Structures are given as C-alpha cells and as structure tokens.
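[1] A structural model of the following input is requested.
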Amino acid sequence: MKVLLITPPYYVPRDSCAISIGHPLGISYIGGQLREAGHDVTLIDSLIEGRLRDRNPEDLTGDEEDCIRVSRGVFARHKILEEGYPEGATTIGLSFEEIEARIRDLKPDVVGISTIFSSIYRSGAMIAKLTKRVDPNIVTVMGGTHVTVSPDGVLRDDGIDYIVTGEGELTMESLLEALENDDDPMGIPGVGYMTADGEKKHTPNILNWELDDLALPALDLLSMDDYLDTMAEGRAGKMYTTRGCPFNCSFCSVPYTSERRFRVHSNERIVQEAKIWRDEYNVEVLIFEDDNINTNRKRFRKMLNSFMEEDINVRLDGRNLRCDLLDSDTLGIMKNAGFEHVFITPESGSQRVMDEIINKAMSVDDSKAAVTRIIGAGLTVGTAFVIGFPGEKMSEIQMTIDYAYDLKELGVKSFWFSIATPIEGTALYKTAMDQGLISGVDLDNFAFNTGTYDTDEFTAQELNELRDQLMEELNGWSKATGVKPSVMGKPSEIDIRSMAS
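    Here you go, the predicted model:
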C-alpha cells in the first residue's frame, strides 16, 4: 500500500508556544517497520518542511507575522481562517493548503497522522478532514500520545477512520495487512474505530518486549539537512535505547502509556543505530530521547562501555536522567564515553510538593548532591522545574525559585521552567478535574509554558508572567526573541539575582 505518515504543523492558538526542532522518531520508526513489510512509505514532518531556507534568523526582529525563528532556523507561520478556531490562531510549518496539495499529488492509500502532543491534535484533526476532502476513499489513521490517553475523544472527530493507541510499529503493520485483505481489524491490539451505527470499538495495545525485532528508523525519508542545519543542539541525531519508565510522576503521561514497564534494546542494536547516525549523517552529537535512560545503572554503564569499545566517538547527550541514580562511577563513564552535559529534573524546591503532589520519590537534597557530583566529574548541568500544581502554595513556588538560584550558584548552566499542564490520563489531570479547576482538555489553551487554570494561590496569568521572568533571568532568555533555550544547555552569562530584589 502507498502510505503517507505525517506530523502536523505546530498549532498556536494564542501568542504562546514552545517549539523545538527534532527528528520525528515516531513516524520514522513506524515508517521503517512498514517499509520492511513491503509498503511504499512517504514521511512528511510539517514543521521542518515549512522551513524558509532563504530567511536568515539573525535578521528577524520578532515582529514578523508570516514567520518565526525556531532554534537556528526560520519557519513559516500561517493564520488559521477556518471557523471554530480562536481569533489569531496560527500554525507553524507547512500550511494546510500545502499539506492538502501534497496529499493530492501523492495519492496515498493511507494517511497516518502522529499527534505526539495534545497541543498539536487540532492540526492533526484538520489534516484528517482535508484528506477526506481530497479523496474520501483514503484511509485515515491517527496515533500518538494524545490518541492513547484520549481514544474516545478522538473517535468522535470526523475524518478519522482508525486510531492506533500505544506503540505503533506492529499495530500499523497489522492494520494495513487487514485492510489489504479486507479483513475486520477488530481485535488487533491498539486499533480502534467507530462503527457505522456509532459504536466505539477499541482493543487495548500490548507492550512489545522484543524491541530489537523492530525495524530501524526510516531516517532517509526525512529532510535530514534541514534538521542538521537548524537544531539548537547543532548537528545532532536522536534515538531511543529503551522505552518506558517505572516511576509514577503525577504530571507525566508515560506511566499511563508504558504501563510503568522499562524495556531495552540490546547493545548491539543500539551501536548499530548509533553508527548509522555517525557514518551516514556525520552527526557531532547523539541525543538519547529515552523516558528514563539510567533506570538500570548496570545496563546504562554497559551501553556506554560499548560506545567506547566500538569507538563511536561522537558527543553524547540525554534528557530525562534520574539524578539520584547518577553516582560518581557512572558519571565518570559518561564523561569518558562522550557526555559533556547532563540534564536533570529537580522539578521542585519543596519536599512536600515532591512527595504529596508530584510523587517524585526523590528528595530535594538529591538534586543538589547530584549537581555537585556532575560538576565534579567535569560535566555541565541543565535543570528543569515545574510550577503551578493544584494544591501548591505560592510560598512553595518561591521555594522552587530560591532552589533554582541556589543551583545556579553551585554551577548549573541552564534552566527550563514548565507550568503544570493537566494531560489526560495523568494523576494531575484527575486532581484538576476533581477540584473543578478544569472541565476537560482545552486544546485551545494547552501548552507546557502556559497556565491553564486559576487556584486560590495563583492565577494562570501570574504563572505565565513568573515563568517568563524566571526564564529570562536565569538564562538570559527573552520570550520576544522567539528562541527557546536548548535543554541540552548553553552557558549563561547573566548575574545571579534574587526574585525578591
């Protein structure tokens, strides 16, 4: 079958967005699996393919309406004129008209749409509708994290024939086989659909424990030079070495989507994929996108030793490192293997918030101790915090602020602040619903840098202003520039200042 897999353009309902450039690993891995099964696969990443190559990001003033700087590139920005969207809503990347034209030219049998974030779901739903406008016989399939946590809501939308929940490689392969053979896809793990009489059918997915059996990602189907030219981290590649996380943080959807199961690739498969990035794309850095790469320290160390034994010889970086598992021996191996920077997630400066609200299962002191160990190993440190939880007091937010400045004094180089966002399927979402702070997911007011509710302690607007102030003061970053600081860490030259001064 002729298959188009597409990531939607970024949806910006209001004047706020948090965008970064990175390879769409989801459709890359699924694309590799489907191609290996004999299908004719095309990938479209709507953000990267909306790059304006003739525009210099250094020439932008920040007042442009038709484009925006993202990392090291300039990307098209389009006003949404269709009814039902907030006034002033825009998309970033390819326009809906350009996407429709691509579908019309390609004439696919199936269009698969990836909505990894709830914040881009409305763009994905629009692509499904315009696909049916091109040809009602094209089969539309939607997958991704948003679909996994909200299958019933997605099935209510027009234009979506099937949903795929959970990890999509094997499910999409089985679904396409059923479609080719005119078989009923009911019963395929992860597949859902609406019957002609309006009944929702959905079979929960099953975790795949044999990750090495999956195909390598179809990286050659991406516009690779555009990523390498514009990513904030430089000439970088991204990959997974594990899937899932055994922890249960209240704001995170991973415990829901991965069932708190931690699964691993073999070192041989990991090295094979790393060599593709190094040899075929000449990357200077490999970024591990695992949900929690160092959950198993023995495995993590063995993997890094394999990189040294195989002389991979590129810089390594990783998000989502559990800092209380970063002992001095592990940090030494990381340094020798190619790590220069470590990104950790202290989350809060209040132990009560960590224990009773976030359920982090880690002490505030753990992060300070980890920062000291990391810097002692000759590595730089970046950190991430979350503020604005239901039940969090302003005094506790101030504790987080003070804690961040304490960490800066210890030598932390970069800071990222998010505002607690109730993602469907998370404990945070249930709490916000139970307390009457939200009545469901508002897709026109959904971004990890934007407040979504008021409490007795703070308003959403107060959180927005506070976050912007913290990002600017701690990183020397200004929202007006339109450039998101890299969570991989860039040294900041600003002076330490107390929020109280």
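
[2] okay, CA-based contacts and neighbour counts for the rest of this
    Will do.

[3] any idea how far the residue sitting furthest away from the middle of the chain lies from Gly378?
    When each C-alpha in the chain is compared with the mean C-alpha position (CA atoms, centre = their mean), Asp197 comes out farthest, at 35.8 Å. From Asp197 across to Gly378, the span is 63 Å (CA to CA, to the nearest Å).

[4] Output the lowest mean pLDDT helix or strand found in the chain.
    helix 254-258 (a mean of 77; mean pLDDT, DSSP states H and E).

[5] Show me what secondary structure element comes after that helix.
    Counting by DSSP states H and E, the next helix or strand C-terminal to helix 254-258 is strand 263-264.

[6] what comes up buried for the helix or strand where Asp279 lies?
    Taking DSSP H and E as the definition, Asp279 sits inside helix 267-281. For helix 267-281, the neighbour count (16 or more other CA atoms under 10 Å) marks 267, 270-271, 273-275, 277-278, 281 as buried.

[7] Need those in a markdown table (columns: pLDDT).
    Below are the buried residues of helix 267-281 laid out as a markdown table (pLDDT from 0 to 100):
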| residue | pLDDT |
| --- | --- |
| Asn267 | 96 |
| Ile270 | 97 |
| Val271 | 97 |
| Glu273 | 97 |
| Ala274 | 97 |
| Lys275 | 98 |
| Trp277 | 97 |
| Arg278 | 97 |
| Tyr281 | 97 |
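
[8] measure the residue farthest from the centre of the chain to Ile188 for me?
    Distance from Asp197 to Ile188, by CA to CA: 20 Å.

[9] what's the answer for Arg373, then?
    Taking CA to CA, one finds Arg373 at 48 Å from Ile188.

[10] Repeat that for Ile30.
    Separation of Ile30 from Ile188 (CA to CA) stands at 16 Å.

[11] One more: Met471?
    45 Å.

[12] Nearest to Ser258 among the buried residues of helix 267-281?
    Of all the buried residues of helix 267-281, Ile270 has the smallest distance to Ser258: 20.2 Å, by CA to CA.

[13] and the closest residue to that closest one other than its chain neighbours, what are its phi and psi?
    Nearest non-adjacent residue to Ile270, counting by CA to CA, 6 or more residues apart in numbering: Thr241, 6.1 Å away. Dihedral angles of Thr241 (phi, psi; degrees, to the nearest 10) stand at phi -110, psi -20.

[14] Can you give me every residue that contacts the residue farthest from the centre of the chain?
    The contact partners of Asp197, by CA atoms under 8 Å, 6 or more residues apart in numbering, come to none.

[15] Report pLDDT for it.
    Confidence at Asp197, expressed as pLDDT, is 84.

[16] likewise Asp15?
    On the pLDDT scale, Asp15 gets 64.

[17] just the one 4 residues further on next, same as before
    At Ile19, the predicted lDDT confidence score is 80.

[18] heads up, I number from 10, so please use that
    Got it, the first residue is 10 from now on, which makes the last one we talked about Ile28.

[19] I figured it hits Val79, correct?
    Yes: if you go by CA atoms under 8 Å, Ile28 and Val79 touch, sitting 6.7 Å apart.

[20] who has more neighbours, the two?
    Neighbour totals were compared for Ile28 and Val79, and Val79 leads with 23 against 16 (other CA atoms under 10 Å).

[21] How about the more buried one: which residues does it bridge to?
    Per DSSP bridges, the residues bridged to Val79 are Gly82.

[22] List the contacts of the closest residue to Pro226 other than its chain neighbours.
    Nearest residue to Pro226, sequence neighbours excluded (CA to CA, 6+ apart): Tyr38, at 4.1 Å. Under the criterion of CA under 8 Å, 6+ apart, the neighbours of Tyr38 are 178, 224-227.

[23] Could you single out the nearest of those residues to Tyr412?
    Pro226 (40.2 Å).

[24] Tell me which residues touch the closest one, please.
    34, 37-42.

[25] Could you confirm it falls within a helix?
    No: counting by DSSP: H, G, I helix; E, B strand; the rest coil, Pro226 is not part of a helix but coil.

[26] Next, count neighbours for Gln470.
    Residues near Gln470, counting by other CA under 10 Å: 14.

[27] which element is it on?
    Here Gln470 sits within helix 469-484, counting by DSSP H and E.

[28] Quick one: list the elements packing against that helix.
    Applying 3 or more CA pairs under 8 Å, 6 or more residues apart in numbering; DSSP states H and E, we find helix 469-484 packed against strand 423-428.

[29] Do me a favour and average the pLDDT over the strand it packs on.
    92.

[30] quick one: strands adjacent to that strand?
    Assessed with DSSP bridges, strand 423-428 is paired to strand 389-396 (parallel).

[31] Residues in a beta bridge with the nearest residue to Arg476 once chain neighbours are set aside, which ones?
    Sequence neighbours aside, Phe426 is the residue nearest to Arg476 in space, at 6.4 Å (criterion: CA to CA, 6+ apart). Note on Phe426: beta-bridge partners by DSSP bridges are Phe394.

[32] Would you confirm that Leu437 belongs to a strand?
    No: looking at Leu437 with three-state DSSP, it is helix, so not inside a strand.

[33] That one: neighbouring residues, count only.
    Using other CA under 10 Å, Leu437 has 23 other residues around it.

[34] And the residue nearest to Ile279, how far from Ala283?
    Thr250 is 10 Å from Ala283, by CA to CA.

[35] What of Arg64?
    Arg64 is 32 Å from Ala283, where distance means CA to CA.

[36] cool, Ser259 as well?
    Ser259 is 33 Å from Ala283, where distance means CA to CA.

[37] Spell out, range by range, the strands that occur in the stretch 10-159 of the chain.
    11-16, 19-21, 49-54, 76-79, 82-88, 99-101, 119-123, 148-152 (DSSP state E, counting those that start in this stretch).

[38] Tell me the buried residues in the fifth one?
    Which is strand 82-88. 82-88.

[39] other SSEs contacting it?
    By 3+ CA pairs under 8 Å, 6+ apart, strand 82-88 packs against strand 76-79, strand 99-101.

[40] From the chain's centroid, how far away is the last one?
    Think strand 99-101. Averaging C-alpha positions (CA atoms, centre = their mean, to the nearest Å) puts strand 99-101 18 Å from its chain's average.

[41] now stretch 291-302
    13 Å.

[42] Tell me which residues of that stretch come out buried.
    Buried-residue list, stretch 291-302, by 16+ other CA under 10 Å: 292-302.

[43] what pLDDT, on average, does that stretch get?
    Mean pLDDT, stretch 291-302: 94.

[44] again with stretch 84-97
    87.

[45] Show the end-to-end separation of that stretch, please.
    18 Å.

[46] quick one: secondary structure of Leu340?
    Per three-state DSSP, Leu340 ends up helix.

[47] Surely it touches Gly385?
    No: with contacts counted by CA under 8 Å, Leu340 stays clear of Gly385, the gap being 9.2 Å.

[48] Neighbour count for the two, which is higher?
    Using other CA under 10 Å as the criterion, Leu340 and Gly385 rank with Leu340 on top: 23 against 13.

[49] burial count for Asp193?
    The burial count for Asp193: 10, using other CA under 10 Å.

[50] I'd guessed Arg270 sits against Cys254; true?
    Yes: taking CA under 8 Å as the definition, Arg270 is a contact partner of Cys254 at 6.0 Å.

[51] between these two, which one's more packed in?
    Each of Arg270 and Cys254 has its neighbours counted (other CA under 10 Å); Cys254 has more, 23 against 16.

[52] pLDDT wise, what is the more buried one at?
    Reported pLDDT for Cys254: 85.
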